[in-house]
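Colleague: my questions are about this predicted structure, shown below with the sequence.
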Amino acid sequence: MHLYLRDEPRTLMLVTSSEEERRGSPSRVLLFRAAEGREASSKAVVELLHKKDVDLNGVTRLCHRPVHGTLGLINVANELFLAVVTSASEIGDIRTSTQTESVQRINTVMFYSLNSATFDDLIMAATDMPLSPSLQDVTDAERDPYSPAYGSSTPQQTTAYDHPCAPLTKILSGGTFYYAALPFWDISSRLEKRLKNKSAAKDLKSFDQRFVWNEHAVQSLLDFRDRLDQIERDEFDRCEFIIMAIQGYVGSFKIALPAPPSEGKPVIATISLISRLGWKRAGTRFNTRGLDDEGNCANFVETETLFSTDDVCLSFVQVRGSVPVFWEQQGVQAFGQRIQITRPPLAQQPAFERHAAQLVEEYSSFHVVNLLGQKENEAILTSAYTDLMRKAQANASEDAMGMTNFDFHAHVRAGGHESVQELARLDVIRSFIERSGFTIADMELGEVVTQQQGVFRTNCLDCLDRTNFVQDIFSREVLQIYFRQNHRANEGSHAVWSYHRELWAENGDALSRIYAGTGALNTSFTRSGKRTLGGFLSDATKSVGRMYINNFQDKGKQTAIDMFLGNLAGQQVVTIYDPIHDAVRLELAQRLSEYSERRQILVFTGTWNVNGRPPSESIMPWLFPRPDSPVPDIIALGFQEIVPLTAQQVVQTDPEKKRDWELLILDTLMNRPDCKTDYILLRSEQLVGTALIVLVKTELASVIKNVEGASKKTGLRGMAGNKGAVGIRLEYYETPFCFVTAHLAAGHANAQERNDDYRTVVHGLHFQRGKTIGSHENVIWMADTNYRIDLSNEEVRGLIEADALDELLAADQLTQARDMHAAFAGYDEGPVLFRPTYRYDLHSDDYDTSEKQRIPAWTDRILYRGSDLDLSVYSRAELKTSDHRPVFAIFRAQVRVIDTMKRAALREELLQKVRATTEGETLDQKLQRMTVNGDELPPPSSDENAWWDSPNHPDGVVSAVPPPPRGILSTNPFDLDIDIASSESDEELYSAAATLPVPLTPSRRPMPPPPPPKPASLSSPR
């Protein structure tokens, strides 16, 4: 594609090229221009048009080479910039199969202003286009935003060539960013996740958001894409306008294997390495260390080794990350303590356990390999790390996490680098490899055969040199195991191990340059297997380079990183206005009744903690509590403790117990009296003992779509599934429903823990494409909430006997939590007209007579939210298998049925109206005359009057809003003297140095979510 500029109004255009169109790309133009008035620096007008609808006469081509797409929009120095990838090179295919996965490395990114031409000459200079006279005498050093000469010119010269995005350009053009080329695939996700999410493989929002570095810049364009109809969205994706980029390293080599030829041809394999650097605690070595309160750690990298043939692909994943402790260093200081733990252990434990829970949730289990030494500074970190890990292990399942401390430098001093190979032969390491394994995928079927069940989490001080060295060893060990099990001849292939060493050496260099500014140490040994004098001298040179870069250049780099990620305080979020689709969407919403109707359905919901016991009595009184009970359209049943909550079940859950209940439910529905309707099991989901089963009438299966399941652990601070929640969402015609069953923290005094569990589930249970519980109009919770009654046992039992339920409800913890908005705020519950459901003696109507004499409580509850839900029955059933009584609620729900043909016809009619042009006018010219007015909305259209035609705006003509006067740009964050907290130098590389100025770090705070877009009015000629 090509990038063009039109001056009036200033508009940037990404235009598909003739070559791309010959290869099947749609002929399209993506236009960008700044909004008018006060929002000019934070709102862009974006249009996707056919090339024939755009007048390309008189436009200027801004880059003589084809461009590759955009990374998004960003606000810098009160101007709106479009980030465009102007140069990229192909790395190759990372897999050998019919389904290719090609990777491109980004070489150059340029930032083009949507507001003014002030910086156009700078970009022309950088892209070898003709220079403005003001740039002819500027040296390369003066253009380098990190060089000592930068900014040394006179103020008059500086205003001529100082591009506000120069530091961003330097970072993004460093050769460390990669993206997936056509055919489209998800480069941010490991092989196992890609194959499991094949249905969402072409959805840009299915990417692993931990590793998509331009998420902040590209989010507005993803929202724009979502507003397109399906055909336009497919064309938009085929044009590759949007680039989703990861940072790290990607390398790949093709190898002719020594195995016997297949069909007369040699067997070709591909060995590849992908390292994905996380961005949630991103930064440079001196400025970003340790952990944050959300459990994110600095320099977190997921590295995947891939070995692929036409038939099969191996994937082995490891991670690295800074020591997950709150710690800092004071840079290269001649005196004083260089490593400082900044929080006491008790204050660190919650964040550490969040970090551990994230690893367990993502990778099933992990084993820490800590390579720090026994010298004072590193020993401090090891001690803190080990203590935190020990406490987390005490609360976790047996195999969820482990730790091995291995003093890398001590072994090297004793036996050379070769002695480090002993690490892979330790019993604890070999045992973890055998238990966690690796992923094997069948390439012909595109399915996972075996799945990796855990990862090594390796760290040293910087997670660079030593870490890379050990990860190389683990990767080689796993490949050797795979070859011995499947292709023993490949184990002796010199080419395989030569390329493997080269990939890991390049990986170490790339990650080290990102974090520390120089290549990695020890790479000469990684490449050749030998320690040489040349390698030693190279390491010494790199050490000195790191010291200089970390102390003198990282300040500006850290600020640039924070700007690109949207981390700077007060940074404006860019929003997009689409004149065509926003207008049509607003009009469609106003005319909803013209193409839809409301229908009523019946939804039955129930919850039951079955105490780990199998079915032993009929559940007919629960599912059909009255002989004349109407037949529901949807049945959603939540279970808790469907299996006994033993350590074995927490580690490896038995799915057969859920299956037993599914069969019982289906059998009950089939054999009910006067059975005239069949049901099918739509979806079930299980998290240890918590299970959710959704059934629907058979004839409704065709109108229910987008069914998804998800779960969230809350037990043991998020690391175990003995407590947690399961959700299933679906769309009945066009109306979304979300059903949630949960088992919250137990214990009479643990009301706050239950409130916390609720919030964890609400914020942490995610469906595909970013949907959460809060994304749904209609939500029903069916849960063992475990909330108790704050009265004595005698008082509670006496009030129950007197049926004084109102007095009991006044002391009910859930009622109190809702009143204080501590949990379930915004949810409703039906009148509680039944006695407490917990805790009964088994097969009895007596409350707990055991030694513990538990206080009765309404632990089992159903709460709901949604204007479409009308509760008709809320009660309990008298089943006695468990120590809980099951609860049920029946809802009459309104669903909206869309006549898709009518909506499509109306949408097309509205599109035609908006796109209609007068003779001699292009659609692009018409849209230029439209304006955004977010403060006032025009009156809605009627059959007599069009909404764009009014007395104040005859024929839709609106006077242009004059732009505000442009003053001196003074909000460029790279010009500000921002204080940055310093970090450390490598203690192993230099023992002491002169005191250096301490670099400072920007204050970071999470960006608030963008406000919902205001509906904008349009004025245009008829």
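Modeller: Structure received. Numbering: from 1, shown residues only.
Colleague: rest of the way, CA atoms for contacts and neighbours
Modeller: Fine.
Colleague: return the set of buried residues in stretch 848-867.
Modeller: Of the residues in stretch 848-867, those with enough neighbours to count as buried (16 or more other CA atoms under 10 Å) are 848, 855-866.
Colleague: tabulate the residues you listed (CSV), appending distance to Val478.
Modeller: Conversion of the buried residues of stretch 848-867 to CSV gives the following (distance: CA to CA, whole Å):
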residue, distance to Val478
Asp848, 54
Ile855, 54
Pro856, 54
Ala857, 53
Trp858, 52
Thr859, 48
Asp860, 48
Arg861, 49
Ile862, 49
Leu863, 49
Tyr864, 50
Arg865, 50
Gly866, 52
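Colleague: care to break this structure down by domain?
Modeller: Domain assignment of the chain by the TED database yields the ranges 1-129+165-243, 252-444+457-497, 578-594+905-918, 596-898.
Colleague: okay, how far is it across the last one, tip to tip?
Modeller: Taking CA to CA, to the nearest Å, domain 596-898 runs 4 Å from one end to the other.
Colleague: quick revisit: need the max-distance pair from the buried residues of stretch 848-867.
Modeller: Of all pairs drawn from the buried residues of stretch 848-867, the widest gap by CA to CA lies between Asp848 and Gly866 and measures 36.4 Å.
Colleague: looking at the domains of the chain, which is closest to Asp562?
Modeller: Of the domains of the chain, nearest to Asp562 by CA to CA is domain 252-444+457-497, at 7.8 Å.
Colleague: so which of the buried residues of stretch 848-867 belong to strands?
Modeller: Those of those mapping onto strands are 860-865, per DSSP state E.
Colleague: over the host helix or strand of Thr382, what's the mean pLDDT, rounded is fine.
Modeller: Using DSSP states H and E, the secondary-structure element containing Thr382 is helix 376-394. Helix 376-394 shows a mean pLDDT of 91.
Colleague: burial measure for Glu90, as a count.
Modeller: By other CA atoms under 10 Å, 14 other residues sit near Glu90.
Colleague: you'd agree it is up against Glu101?
Modeller: No: using CA atoms under 8 Å, Glu90 makes no contact with Glu101, being 11.3 Å away.
Colleague: quick one, phi/psi of the residue of the chain most remote from its centre?
Modeller: Taking CA atoms, centre = their mean, the residue of the chain most remote from its mean C-alpha position is Ala802, at 52.9 Å. Reported as degrees, to the nearest 10, the phi and psi values for Ala802 are phi -90, psi 0.
Colleague: next, count neighbours for the nearest residue to Lys43 once chain neighbours are set aside.
Modeller: Nearest-residue entry for Lys43: Thr575, 4.8 Å, with adjacent residues in sequence omitted and distances by CA to CA, 6 or more residues apart in numbering. The burial metric for Thr575, expressed as a neighbour count using other CA under 10 Å, is 24.
Colleague: repeat for Gln572
Modeller: The local packing of Gln572 (other CA under 10 Å) involves 17 other residues.
Colleague: tell me which stretches of the stretch 101-250 of the chain form strands.
Modeller: 102-113, 177-180, 246-256 (DSSP state E, counting those that start in this stretch).
Colleague: is it fair to say Ser844 lies in a strand?
Modeller: No: following the definition DSSP: H, G, I helix; E, B strand; the rest coil, Ser844 is coil and is not counted among the residues of a strand.
Colleague: and it, what pLDDT?
Modeller: Looking at Ser844, its pLDDT reads 94.
Colleague: can you offset everything so residue one is 8?
Modeller: Taking 8 as the first residue, the last one we looked at is Ser851.
Colleague: for it, give me its contacts.
Modeller: If you count contacts by CA atoms under 8 Å, 6 or more residues apart in numbering, Ser851 has them with Lys887.
Colleague: hang on, the earlier thing: and the residue farthest from the centre of the chain, how far is that from Asp855?
Modeller: Ala809 sits at a distance of 18 Å from Asp855 (criterion: CA to CA).
Colleague: pretty sure Gln919 sits in a helix.
Modeller: Yes: the assignment for Gln919 (three-state DSSP) places it in a helix.
Colleague: next, count neighbours for it.
Modeller: A count of neighbours around Gln919, defined by other CA under 10 Å, yields 13.
Colleague: now do Ser882 against Leu918, distance only.
Modeller: Between Ser882 and Leu918 the distance, using CA to CA, works out to 51 Å.
Colleague: need the residue closest to the centroid of this structure.
Modeller: Closest-to-mean residue, the chain, CA atoms, centre = their mean: Gln216 / 2.8 Å.
Colleague: so that one touches Val225, yeah?
Modeller: No: counting by CA under 8 Å, Gln216 does not reach Val225; the two are 11.8 Å apart.
Colleague: overlap of the contact sets of those two?
Modeller: In terms of CA under 8 Å, 6+ apart, Gln216 and Val225 are not both contacted by any residue.
Colleague: and which of the buried residues of stretch 855-874 is nearest to Ala391?
Modeller: The nearest member of the buried residues of stretch 855-874 to Ala391, counting by CA to CA, is Thr866 at 39.5 Å.
Colleague: how about the contacts made by the closest one?
Modeller: So, once contact is read as CA under 8 Å, 6+ apart, Thr866 ends up touching 791-795, 843-845.
Colleague: list the ones among those that fall in strands.
Modeller: Taking DSSP E as the definition of strands, these contribute Asp791.
Colleague: and the angle from the host helix or strand of Ile521 to strand 253-263?
Modeller: Using DSSP H and E, the secondary-structure element containing Ile521 is helix 501-522. Relative orientation of helix 501-522 versus strand 253-263 (axes from the mean of the first three to the mean of the last three CA atoms, to 10 degrees): 170 degrees.
Colleague: hang on, the earlier thing: ok, and the closest non-adjacent residue to the residue nearest to the centre of the chain?
Modeller: Glu222 (7.3 Å).
Colleague: for the one you found, what are its contacts?
Modeller: 216, 251, 572.
Colleague: backbone dihedrals for Asn64, please?
Modeller: Backbone dihedrals for Asn64, given as degrees, to the nearest 10, come out at phi -80, psi 140.
Colleague: same thing with Ala896?
Modeller: Taking degrees, to the nearest 10 as the convention, Ala896 sits at phi -140, psi 140.
Colleague: let me see the confidence value for Leu87.
Modeller: According to the model's per-residue confidence, Leu87 sits at a pLDDT of 93.
Colleague: next, the angle strand 253-263 makes with the one helix or strand it maps to.
Modeller: With the criterion set as DSSP H and E, the secondary-structure element containing Leu87 is strand 86-100. Computed by the same axes, to 10 degrees, the angle separating strand 86-100 from strand 253-263 equals 20 degrees.
Colleague: quick one: strands adjacent to strand 86-100?
Modeller: Based on DSSP bridges, the pairing partners of strand 86-100 within the sheet are strand 76-83 (antiparallel), strand 109-120 (antiparallel).
Colleague: so which of those strands is nearest His374?
Modeller: Proximity to His374 (CA to CA) singles out strand 109-120 among the strands paired with strand 86-100, at 30.4 Å.
Colleague: what does that closest one contact?
Modeller: With contact meaning CA under 8 Å, 6+ apart, strand 109-120 is reached by 86-101, 126-127, 130, 172, 176, 179-190, 257.
Colleague: nothing else from me, thank you.
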